[in-house]
Each structure stands twice: as C-alpha cells, then as structure tokens.
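Enquirer: what's the 3D shape of this:
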Amino acid sequence: MDLTTIRKILIIKLRYIGDVLLSTPVVANLRHHFPDAFIAMVVNRGTEEILRYNHHLNEVIQLDRSRIRRDLLSRIQAQLSYITQIRKKEFDLVVDLTDGDRGAILSFLAGAPIRIGYNAEGKIRGRLYTKIAHPLGSLLHNVEYQLDAVRAIGLSIHSKHLELRWGEEEDRSVQKWLMTKGLADRPFVTMHAGARWRFKQWPLDRFAFLAESLREQFDLETVFLVGEKEQEELKEIRRYMHHPSIAAQGLTLLQMAALIQRSRLFIGNDNGPMHIAASVGTSVV
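Expert: All right, here's what the predicted structure looks like:
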C-alpha cells in the first residue's frame, strides 16, 4: 500500500452525534500523518455542527437522509447527486467508520483506490473495501475501535483525544443566558435525561430526586438540557420536584457544549451530550 501518493482523503461516519464526536481522533491522526492533504468527512445532516470548528478538516459533506426517504425517483436522484459530488473530488483514500452497508457502498462508489472499512460480521460488503480493519478485541472503547482503521493503513496513533471546538459567539450567548438565570457566578450541574433507546434510560423520577438532593445538600442548581425529544420527559421530571427547575431549551449543539463545560458535573444517559461532556473535560456520571 503506497501512502506517498495520497493527496485527498474522505472519512465517512453516517451515525449519530456522539458517534461523530468519537471519530474525531481519527481525523486528528490522519491530519498528523498527512499534513498537506485535503481531508473531507461525510456525516448525516444534523450531526455536522460537531465538526464546524474542527481545524483538521477541509470540508464537511452532509448526507440528508430525508431526501433519501422520499419516493423512488427522488431517492435515486438524491443518491446520484451525492455520488457525483464525491466522485468529482477524486479521493485517493476512503476511511469508512460507519460499519454498515450505506458507508461501504458510498466508499466503493467514491472511486478511491484505497478503501478501509469494517466487516466483523463477514458480510458481502467487505468486498467493497481494499482492506478490512480488524479491531483487537470485542470490548474496545469506541475510540480505540475506530482508531484501528488508522492502524490498518499502517499508521501510528498520535492522539486519542476527542476534539470539540466552538467560537466566541457560542461563548457569549451561553454567558448571557447564565446571567439571565442567575448562574453566572454560581456553581451548577447539567443533566440530560433523554436517551435514544429506552433500555439506556435512567428512570425520570430519579433524575428529579437527584436534582432535589443536590440543591438541598450542596446548594447546587441543576440545569436540565432539553431538546425537542425531551419536552415530555421534562414535564414528568417536574411533577416529582418540589422546587422550580431550570431548563436550557433551544440550544445549538455547540452552545450546549459551552454550557456543559461551565458546569461542575454532567449527569445523564449514554448519548451525545454525555460524549460532549467527556470531550470538554467535565466530570461525568
């Protein structure tokens, strides 16, 4: 495998917010080994904000799955449009971190001579890659698992840190919000009670009880992070609480990251906000 000819690299991660964040060490390591390369990344629309300030990437390409779910003709046209857009860039190397059929097909259609991906199940999609990454063990942390794609190319690992950056605009808006809530100079905890899967979710009454306990025992205010999906959950949590609660609603991903970084502690389920907390250095339960 001749890596000296690599000038353009495509990374594919068609998963959720936390998954994209967990793939940032791969981006950093590829940039370390190919400092002058053009590096692009394909992600699902709605997760691209995680990469907005990632200085290792030259381009972020959004895959809008809502277009793919339309009628047959629209789906064909949408997919052909993405494929054409990607093939025009003439990538030399594709690293597919998706671990699924969609990523494998897109890797193959990108036309790059070197295509790295995963195929632990031994499915037919493995034939679409030129090399399969073989993680060393089934209980690896997700970061280590994805870095095995870098190792599969024969490259050393330079960094394992998650990278999430935001700008002054996000900092200013969060600081202003904290001032309006009386939290600018007061320690607080952030909580996120949502989960993509029910079996990953802690009971809502326990979040309420814990928030009350933190206030009574440690004089710590709790800020509940609430998106569209958590509106009903917040209503139920408040039913169990005796004190008024503070909810941070309508925040962008990067504003939420800036808010979590300012908190003393993050408490939540296994989901995107939890990974964001880990990436910004806030202690996590």
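Enquirer: quick one: average pLDDT of stretch 181-200?
Expert: Stretch 181-200 shows a mean pLDDT of 91.
Enquirer: CA-only coordinates of it, as PDB, when you get a sec.
Expert: Extracted C-alpha coordinates of stretch 181-200, given in PDB (Å, rounded to 0.1, in the frame of the first residue of the first chain):
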ATOM      1  CA  LYS A 181     -30.800  32.700  35.100                       C
ATOM      2  CA  GLY A 182     -28.600  33.900  38.000                       C
ATOM      3  CA  LEU A 183     -26.000  31.300  37.400                       C
ATOM      4  CA  ALA A 184     -23.100  33.400  36.100                       C
ATOM      5  CA  ASP A 185     -21.300  33.200  39.400                       C
ATOM      6  CA  ARG A 186     -23.000  30.200  40.900                       C
ATOM      7  CA  PRO A 187     -21.900  26.600  40.500                       C
ATOM      8  CA  PHE A 188     -24.400  24.300  38.800                       C
ATOM      9  CA  VAL A 189     -24.800  20.800  37.400                       C
ATOM     10  CA  THR A 190     -26.100  19.900  34.000                       C
ATOM     11  CA  MET A 191     -28.400  16.900  33.500                       C
ATOM     12  CA  HIS A 192     -29.800  15.200  30.300                       C
ATOM     13  CA  ALA A 193     -32.500  12.700  30.900                       C
ATOM     14  CA  GLY A 194     -33.000  11.700  27.300                       C
ATOM     15  CA  ALA A 195     -31.900   8.500  25.500                       C
ATOM     16  CA  ARG A 196     -32.200   7.200  22.000                       C
ATOM     17  CA  TRP A 197     -33.200   3.800  23.400                       C
ATOM     18  CA  ARG A 198     -35.400   3.100  26.500                       C
ATOM     19  CA  PHE A 199     -33.100   0.400  27.900                       C
ATOM     20  CA  LYS A 200     -30.400   3.100  28.200                       C
END
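Enquirer: now do the helices in the stretch 101-250 of the chain.
Expert: 101-109, 142-152, 168-180, 204-218, 231-239 (DSSP state H, counting those that start in this stretch).
Enquirer: where in the stretch 51-200 of the chain is pLDDT low?
Expert: For the stretch 51-200 of the chain, the stretches flagged by pLDDT under 70 are 65-76, 137-138.
Enquirer: what ranges does it have for its strands?
Expert: Secondary structure of the stretch 51-200 of the chain by DSSP state E, counting those that start in this stretch: the strands cover 59-63, 93-96, 114-118, 131-133, 188-192.
Enquirer: so which of these is the most packed in?
Expert: strand 93-96 (a mean of 28; mean count of other CB atoms under 10 Å). Bear in mind the C-beta positions are built from the backbone N, C-alpha and C, glycine included.
Enquirer: circling back to that earlier point, L265: which of the helices of the stretch 101-250 of the chain is closest?
Expert: For L265, the closest of the helices of the stretch 101-250 of the chain is helix 204-218, at 8.6 Å, according to CB to CB.
Enquirer: just checking, what packs against that closest one?
Expert: Where contact means 3 or more CB pairs under 8 Å, 6 or more residues apart in numbering; DSSP states H and E, helix 204-218 is packed against strand 188-192, strand 221-226, helix 231-239.
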